[in-house]
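# Sequence and predicted structure below; questions after.
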Amino acid sequence: HIATSLPLPSERDHLRPRIDLVVFMIDIKSKYSLKNVETSLAHVDASFFLGKVCFLVTGVGRVNACSIETNAICKLGEAYCSPMLFCELELEGVRVATAQRLLRMLQICAGYIPGVSALSFVSLMRNSDDD
């Protein structure tokens, strides 16, 4: 399911499936995109930041068209202890690889991979410089 912003409308709560992973998409060419994500973050339960949230940053192949500093986006990932995926969706190979990574993350977050929890997965993805 895709939403352009949070909170989700409550009138369909009874029909909504369980949420296993929240992916915030940030278009590096749009300051509005980052602002929308920052506003939406306030509507996510704190327990989701224990391995069930990630940031997908698109448009990274066009450095000259960036409206957002990469440093600001990285700080967002650090502040919420959530992994960052950087990609260029216009390239088919990168788009497919990114979709496969997101699917694997979803499988882990949903509990379909025995022996790996969402929290342990995120700890594996952390940069060794963070320790």
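On my side now, so go ahead. Numbering: from 1, shown residues only.
# Give the buried residues for stretch 53-73.
53-60, 68, 73 (16 or more other Cβ atoms under 10 Å). Where you see a C-beta, it was placed from the backbone N, CA and C, and this is true even at glycine.
# just for the protein, where's the confidence low?
1, 62-65, 125-131 (pLDDT under 70).
# Swap in 90 and give it another go.
Residues of the chain meeting the criterion pLDDT under 90: 1-19, 29-31, 45-51, 59-74, 77-78, 81-83, 88-91, 109, 115-131.
# What ranges does it have for its helices?
Taking DSSP state H as the criterion, the chain carries its helices at 31-41, 70-79, 92-109, 118-125.
# which helices and strands sit right next to the first one?
What that stands for is helix 31-41. With contacts taken as 3 or more Cβ pairs under 8 Å, 6 or more residues apart in numbering; DSSP states H and E, helix 31-41 sits against strand 22-27, helix 70-79.
# can you redo these as CSV with distance to C87?
Formatted as CSV, the helices and strands packed on helix 31-41 follow (distance: least, Cβ to Cβ, whole Å):
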stretch, distance to C87
strand 22-27, 10
helix 70-79, 13
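# closest one to I108 among the ones you listed?
strand 22-27 (13.3 Å; Cβ to Cβ).
# related to what we said a few turns ago, most packed of the helices and strands packed on helix 31-41?
Comparing the helices and strands packed on helix 31-41 by mean neighbour count (mean count of other Cβ atoms under 10 Å), strand 22-27 comes out on top with a mean of 19.
# which residues sit against that strand?
Strand 22-27 is touched from outside by 33-34, 37, 40-41, 44, 48, 52-59, 68, 73, 102, with contacts defined as Cβ atoms under 8 Å, 6 or more residues apart in numbering.
# Between helix 92-109 and it, find me the angle.
Per axes from the mean of the first three to the mean of the last three Cα atoms, to 10 degrees, the angle that strand 22-27 makes with helix 92-109 is 160 degrees.
# For strand 22-27, C-alpha coordinates in PDB please.
The C-alpha trace of strand 22-27 is given here as PDB (Å, rounded to 0.1, in the frame of the first residue of the first chain):
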ATOM      1  CA  VAL A  22       7.400   1.600   6.500                       C
ATOM      2  CA  VAL A  23       9.500   2.900   3.600                       C
ATOM      3  CA  PHE A  24       9.900   6.700   3.400                       C
ATOM      4  CA  MET A  25      10.800   7.800  -0.100                       C
ATOM      5  CA  ILE A  26      12.800  11.000  -0.500                       C
ATOM      6  CA  ASP A  27      13.400  12.500  -3.900                       C
END
